[in-house]
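Participant: with the sequence up front, the predicted model follows.
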Amino acid sequence: MGLYKRGSAWWSSFTVNGKRYRLSTGQAQKNEAEKWERAKVSELRGNKATTQLYQTVKAGLVEKQITFAEAWEHFKTFPRKHTPGESAIRYYQSTWEDFVAFAVDNKCSSIADVTEVLSQRYISQIRGHGRYSPVEYRRGGKTVVVPVEKLSDKLSNRTQNAYLVSLKVIFDTLVKGKYCLENPFKEIDKLSNEAVDREAFTPEELRIIGEKSKDTWLYPLFLTGICTGMREGDICLLEWTNIKDGWIKRKTRKTGVEINLPILPPLAAYLRVFPHSGQYVYPELADAYQKDQSIISKAVKRFLADCDINATKDVEGRSRKASIKDVHSLRHTFAYIAAVNNIPLPIVQSILGHMSPTMTQHYIDHARQEEKAKYLATLPDYLSIGTEVHEKAAPDLNDIRARLESMTAENWQTVRDELLAQI
């Protein structure tokens with residue numbers, strides 16, 4: 001429960017039987033508002049039997065009682081305008097499995113058992129303690145399990161919101177399929193997004209990266225990223241069948257959006273001398289990515305550290321430093337360079353494979369203060385308002401007096417014109 005003041009009256013915010021209430025107490029004094037709040041909560045708790053009846057009626061109105069496994073299959077096969085990419089599906093599944101583990105440990109066996117109270121408790125778990133269940137993934141043909149103890153670091157607001165949004169999306173499809181009447185996560189608000197955005201590499205940093213990575217297995221990753229704006233997975237798993245007539249044509253792994261990219265001269269020259277054998281353009285990158293994606297991200301972090309490029313930043317409230325420069329920064333850099341060179345937003349959008357101009361705009365908003373000043377300084381002064389005009393508005397009176405005293409019958413017109421120009 002919580003009281004807060006709005007105008008002259010105290011308001012109360014509380015949850016009873018899984019339902020959240022925000023009500024005016026009608027009281028100007030806090031002690032009277034507290035009495036009103038206690039009485040209201042007691043009254044609503046007395047309606048518990050009615051709430052239980054409501055839950056029973058809801059369960060009887062659904063199309064079919066389904067298990068958590070059936071719910072996941074429904075979500076995967078649900079027809080939608082945009083089919084999620086492979087990585088998005090994996091994220092949805094990871095979130096779903098974590099929620100299901102929490103639900104089962106709380107005596108739930110089907111979708112019908114999921115209430116708003118349970119949903120609120122799960123999100124409280126995520127926000128207070130992090131992920132509920134261990135993380136499992138495959139590495140080198142083996143299953144690696146990361147215990148919860150090593151996942152206890154506080155999640156960023158962006159990650160917490162991603163869990164909430166994923167579950168809202170999944171339950172929305174269950175509501176559309178009439179397997180539940182209401183989305184139990186619907187009334188839970190997202191946190192303010194204090195995420196630390198990736199930063200674009202500077203021209204000097206790109207020069208250093210190019211020089212020091214030239215003879216390493218990471219060079220094609222950097223070169224392709226800066227020339228195409230593609231994501232890490234799309235670069236690593238790029239196939240020769242995706243390259244034809246000077247273009248890269250493929251579906252992005254994350255969103256499934258079809259992209260068509262012209263191959264820029266630096267990348268084209270590199271690919272001409274690159275061995276054309278096997279399925280993947282970059283076999284070493286593909287092998288590392290498929291074995292364990294962290295191999296590449298860790299290698300890039302070590303490489304940037306060796307280049308003395310600061311790639312992390314301290315964030316208040318988080319135990320670990322946030323990454324601000326990594327492989328994904330190549331995507332931001334590509335978008336920024338495109339913006340500086342006046343490439344229209346719709347073209348950048350089509351290259352990056354985004355679903356909306358808003359998302360693309362997020363990537364191209366990377367101009368630093370000095371870069372903004374540099375480019376704005378090149379704009380014509382159409383109104384002719386600036387330092388020169390300001391200096392003319394405050395002429396030197398001593399100079400005017402001296403010029404007047406020097407005026408003769410021969411030079412008066414010249415002096416007059418010069419003085420009028422100063423006014």
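Facilitator: Perfect, I can see it now. Numbers count the residues shown, from 1 in each chain.
Participant: and the strands in the stretch 251-400 of the chain?
Facilitator: For the stretch 251-400 of the chain, strands defined by DSSP state E, counting those that start in this stretch occupy the ranges 258-262, 312-313, 322-323.
Participant: so in that sheet, which strands flank the last one, and in what orientation?
Facilitator: If you go by DSSP bridges, strand 322-323 pairs up with strand 312-313 (antiparallel).
Participant: how far does the partner strand sit from its chain's centre?
Facilitator: Put simply, strand 312-313 sits 17 Å off its chain's centre (Cα atoms, centre = their mean, to the nearest Å).
Participant: mind telling me what element Arg80 is part of?
Facilitator: Remark: Arg80 resides in no helix or strand, with elements defined by DSSP states H and E.
Participant: residue contacts, it?
Facilitator: Listed by Cβ atoms under 8 Å, 6 or more residues apart in numbering, the contact partners of Arg80 are Thr173. C-betas here are computed from N, CA, C, even on glycine.
Participant: what's the per-residue pLDDT of it here?
Facilitator: With respect to pLDDT, Arg80 has a value of 83.
Participant: re earlier: got the strands of the stretch 251-400 of the chain as JSON lines, with mean neighbour count columns?
Facilitator: Output for the strands of the stretch 251-400 of the chain, formatted as JSON lines (neighbours: other Cβ atoms under 10 Å):
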{"stretch": "strand 258-262", "mean neighbour count": "16"}
{"stretch": "strand 312-313", "mean neighbour count": "14"}
{"stretch": "strand 322-323", "mean neighbour count": "17"}
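Participant: closest one to Ala69 among the ones you listed?
Facilitator: Of all the strands of the stretch 251-400 of the chain, strand 258-262 sits nearest to Ala69, with 31.9 Å by Cβ to Cβ.
Participant: which neighbours does that closest one have in its sheet, and in what orientation?
Facilitator: If you go by DSSP bridges, strand 258-262 pairs up with strand 247-251 (antiparallel).
Participant: could you dump the strand it pairs with to PDB, C-alpha only?
Facilitator: Written as PDB, here are the backbone C-alpha positions of strand 247-251 (Å, rounded to 0.1, in the frame of the first residue of the first chain):
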ATOM      1  CA  TRP A 247      24.500  -7.600 -53.700                       C
ATOM      2  CA  ILE A 248      23.900  -9.400 -50.400                       C
ATOM      3  CA  LYS A 249      20.400 -10.700 -50.300                       C
ATOM      4  CA  ARG A 250      19.100 -12.600 -47.200                       C
ATOM      5  CA  LYS A 251      16.600 -12.600 -44.300                       C
END
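Participant: distance from it to the middle of the chain?
Facilitator: Mean-position distance between strand 247-251 and its chain equals 24 Å (Cα atoms, centre = their mean).
Participant: helix or strand with the lowest mean pLDDT in this protein?
Facilitator: Lowest mean confidence among the helices and strands of the chain (mean pLDDT, DSSP states H and E): helix 387-392, at a mean of 40.
Participant: Ser133 against Asp98, yeah?
Facilitator: Yes: between Ser133 and Asp98 a contact is recorded at 5.1 Å, counting by Cβ atoms under 8 Å.
Participant: which one of these two is surrounded by more residues?
Facilitator: Asp98 (21 against 17; other Cβ atoms under 10 Å).
Participant: helix or strand: which one has that one?
Facilitator: If you go by DSSP H and E, Asp98 is part of helix 86-105.
Participant: what packs against that helix?
Facilitator: Packed against helix 86-105 by the contact rule (3 or more Cβ pairs under 8 Å, 6 or more residues apart in numbering; DSSP states H and E) you find helix 68-77, helix 116-129, helix 157-176.
Participant: what's that helix in contact with?
Facilitator: Identification of contacts with helix 86-105 by Cβ under 8 Å, 6+ apart yields 68, 72, 75-76, 84, 113-114, 118, 121-122, 125, 131-133, 135, 162-163, 166-167, 169-170, 233, 253-255.
Participant: filter the residues you listed down to the buried ones and hand me the PyMOL line.
Facilitator: Per 16 or more other Cβ atoms under 10 Å, the buried members of the contacts of helix 86-105 correspond to this PyMOL selection:
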select buried, resi 68+72+75+84+113+114+118+122+125+131+132+133+162+163+166+167+169+170+233+253+254+255
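Participant: re earlier: in JSON lines: the strands of the stretch 251-400 of the chain, plus mean pLDDT and distance to Glu205.
Facilitator: Output for the strands of the stretch 251-400 of the chain, formatted as JSON lines (pLDDT from 0 to 100; distance: least, Cβ to Cβ, whole Å):
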{"stretch": "strand 258-262", "mean pLDDT": "85", "distance to Glu205": "23"}
{"stretch": "strand 312-313", "mean pLDDT": "78", "distance to Glu205": "14"}
{"stretch": "strand 322-323", "mean pLDDT": "74", "distance to Glu205": "15"}
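Participant: who's in contact with Asp113?
Facilitator: Shown in contact with Asp113 (Cβ under 8 Å, 6+ apart): 103, 107.
Participant: skipping its backbone neighbours, what lies nearest Asp306 in space?
Facilitator: Lys212 (7.2 Å; Cβ to Cβ, 6 or more residues apart in numbering).
Participant: which strand or helix spans the one you found?
Facilitator: Assigned by DSSP H and E, Lys212 falls within helix 203-213.
Participant: same check on Leu44?
Facilitator: In this structure, Leu44 sits in helix 30-45 according to DSSP H and E.
Participant: for that helix, what does the pLDDT average out to?
Facilitator: pLDDT averaged over helix 30-45 gives 82.
Participant: now do the buried residues in that helix.
Facilitator: Buried positions in helix 30-45, judged by neighbour count with 16+ other Cβ under 10 Å: 33-34, 36-37, 40-41, 44.
Participant: check stretch 302-311 too.
Facilitator: In stretch 302-311, counting by 16+ other Cβ under 10 Å, buried: 303-304, 309, 311.
Participant: over to stretch 245-255?
Facilitator: Buried residues in stretch 245-255, counted by 16+ other Cβ under 10 Å: 248, 250-255.
Participant: quick one: end-to-end length of that stretch, please.
Facilitator: With Cα to Cα, to the nearest Å as the measure, stretch 245-255 spans 25 Å from end to end.
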